[in-house]
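Asker: okay, structure incoming, though there's no sequence with it:
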């Protein structure tokens, strides 16, 4: 809706402006088009055309406004903005304007023009405001680090086969947010979610070029150019079924005991590959190989019990980090504990059991004694009948 209003205002400006526009200035920003809150930045407007008298900078947010008007002295005008605020974000463009006296002829206007040389201009009456064409749009976004940082609702590394469908799930702090998904800082998709605090970006039939590193940001709809900080990156790996499957080997063959040394060797179809070793589908480590070999070795100097599991390896070619081959056949690494260690573990478990039983017995004895101390009356009453009965018997004997 805002973009529709924006274009309507721009078109009305072209139709109702006085005079004819001659050339197109350039506009850029330094240091970049993304600014953090309270940072300083500058907008540069430049045109090597006529001797315009002033330069104008316009900003579009929810309405059009002229932000600055400077008297021009050189071919480039710099508009400094200090301590960026949310209101400084938006769409900018600039133009140059002059009030032309009557003694400037059409031939002089044409001969002095560098941006549109050779185009004859329609002469207007004196004291008309003549302006250049508008520059291109410059969109300035502001990053507000005080907003909660978003996060992906998935693992930091995902792997999917080419041609399959895939969904990237994003989590924001509340409802009514506009989410933007970026790949290597390039905007990929935008999604507005009014009724929930999550967004799902669907990739139908994933392509190899979809592989890469993704981040996302969000913005509140009432601040369309103010964004949160980016999320932590999520790496998407795509497997290419056309690549030859690698092979995997274990030296020496198992089973192996704790603290022993083993080597896992991966081999590919060509030289200069980069291999990744996976344990139960989770990446364990990566290793590059030189340009003259097609194998790489992963060394386990001191085996641990948690090193046991199924291993596979995959490779990617140089310059294509996120496109992987299909996995190798699974290789099982069996790690057993030495007998001494097993006995130590058994003794440790037995000790824990004995300690637990001792605590249970101690608690039971303590509870019994506490109940006896808190309730003495029943005990005295239970003895009283016996004493009365004995006194009755003694009386009968005396009589």
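Answerer: That came through, no problem. All values reported here derive from a predicted model rather than from experimental measurement.
Asker: what's the longest helix in the protein?
Answerer: helix 339-374 (DSSP state H).
Asker: got the residue ranges for the helices in the stretch 251-399 of the chain?
Answerer: 339-374, 377-398 (DSSP state H, counting those that start in this stretch).
Asker: residue 370 and residue 179, how far apart?
Answerer: Going from residue 370 to residue 179 by Cβ to Cβ, to the nearest Å gives 61 Å. Every residue, glycine included, has its C-beta placed from N, CA and C.
Asker: so for these two, which sits in the more crowded spot?
Answerer: Using other Cβ atoms under 10 Å, the more surrounded residue of residue 370 and residue 179 is residue 179, with 22 against 10.
Asker: element containing the more buried one?
Answerer: Element membership for residue 179 (DSSP states H and E) is strand 177-183.
Asker: and the contacts of that strand?
Answerer: 168, 170, 172, 187-193, 197, 199, 201, 212-221, 224, 227, 230 (Cβ atoms under 8 Å, 6 or more residues apart in numbering).
Asker: in helices, which of the residues you listed fall?
Answerer: Going by DSSP H, the helices hold none of the contacts of strand 177-183.
Asker: quick check on the residues you listed: which are buried?
Answerer: 168, 170, 172, 188, 191, 193, 199, 201, 212, 214-220, 224, 227, 230 (16 or more other Cβ atoms under 10 Å).
Asker: in strands only, show me the residues you listed.
Answerer: Using DSSP state E, the members of the buried ones among the contacts of strand 177-183 that fall in strands are 168, 170, 188, 191, 193, 199, 201, 212, 214-220, 227.
Asker: ok, these vs residue 313, which is closest?
Answerer: residue 212 (21.7 Å; Cβ to Cβ).
Asker: the closest one contacts residue 322, doesn't it?
Answerer: Yes - using Cβ atoms under 8 Å, residue 212 is in contact with residue 322, at 5.3 Å.
Asker: lowest average pLDDT across the helices of the stretch 251-399 of the chain?
Answerer: Least confidently modelled of the helices of the stretch 251-399 of the chain is helix 377-398, at a mean of 48 by mean pLDDT.
Asker: lowest average confidence, helix or strand, in the protein?
Answerer: helix 2-16 (a mean of 37; mean pLDDT, DSSP states H and E).
Asker: what's the following helix or strand after that helix?
Answerer: With elements assigned by DSSP H and E, the helix or strand that comes after helix 2-16 is strand 26-30.
Asker: what's the first helix or strand after that following strand?
Answerer: strand 34-36.
Asker: got the angle between the following helix or strand past that next one and strand 26-30?
Answerer: The helix or strand immediately downstream of strand 34-36 is strand 41-46, counting by DSSP H and E. Counting by axes from the mean of the first three to the mean of the last three Cα atoms, to 10 degrees, strand 41-46 lies at 160 degrees to strand 26-30.
Asker: and the contacts of strand 41-46?
Answerer: For strand 41-46, contacts defined as Cβ under 8 Å, 6+ apart pick out 25-31, 35, 55, 57, 75-81, 84, 92, 94, 96, 135, 138, 140.
Asker: how does it look with 6 Å?
Answerer: 25-30, 35, 55, 75-81, 94 (Cβ atoms under 6 Å, 6 or more residues apart in numbering).
Asker: next, the buried residues of that strand.
Answerer: Those would be 41, 43-46, for strand 41-46 by 16+ other Cβ under 10 Å.
Asker: centre of the chain versus the strand holding residue 179, how much separation?
Answerer: Put simply, strand 177-183 sits 10 Å off its chain's centre (Cα atoms, centre = their mean, to the nearest Å).
Asker: Provide the strand pairings for it, with the direction of each partner.
Answerer: Paired neighbours of strand 177-183 in the sheet (DSSP bridges): strand 186-193 (antiparallel), strand 212-220 (antiparallel).
Asker: rebuild those as a markdown table, extending it with mean pLDDT.
Answerer: Output for the strands paired with strand 177-183, formatted as a markdown table (pLDDT from 0 to 100):
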| stretch | mean pLDDT |
| --- | --- |
| strand 186-193 | 91 |
| strand 212-220 | 95 |
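Asker: as a markdown table, the ones you listed with distance to residue 275 would be great.
Answerer: What follows is these, written out as a markdown table (distance: least, Cβ to Cβ, whole Å):
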| stretch | distance to residue 275 |
| --- | --- |
| strand 186-193 | 29 |
| strand 212-220 | 20 |
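Asker: and the end-to-end length of stretch 195-207?
Answerer: 31 Å (Cα to Cα, to the nearest Å).
Asker: show me what counts as buried in that stretch.
Answerer: Residues of stretch 195-207 classed as buried: 199, 201, 203, 206 (neighbour count, 16+ other Cβ under 10 Å).
Asker: same question for stretch 89-102.
Answerer: 89-98, 100.
Asker: re the thing from before, wait, which of the ones in strands among the buried ones among the contacts of strand 177-183 is closest to residue 296?
Answerer: The closest of those, once distances to residue 296 are taken by Cβ to Cβ, is residue 212, at 23.8 Å.
Asker: domain map for this structure?
Answerer: Domain assignment for the chain by automatic domain parsing gives 2-143, 151-239, 247-336, 339-397.
Asker: which of those comes out lowest on mean pLDDT?
Answerer: What stands lowest among the domains of the chain, in mean pLDDT terms, is domain 339-397, with a mean of 65.
Asker: does residue 97 belong to a helix, a strand or coil?
Answerer: For residue 97, the assignment made with DSSP: H, G, I helix; E, B strand; the rest coil gives strand.
Asker: how far away is the closest residue in space to it that isn't next to it in sequence from residue 350?
Answerer: Of all residues not flanking residue 97 in the chain, residue 131 sits nearest, at 4.1 Å (Cβ to Cβ, 6 or more residues apart in numbering). Taking Cβ to Cβ as the measure, residue 131 falls 92 Å from residue 350.
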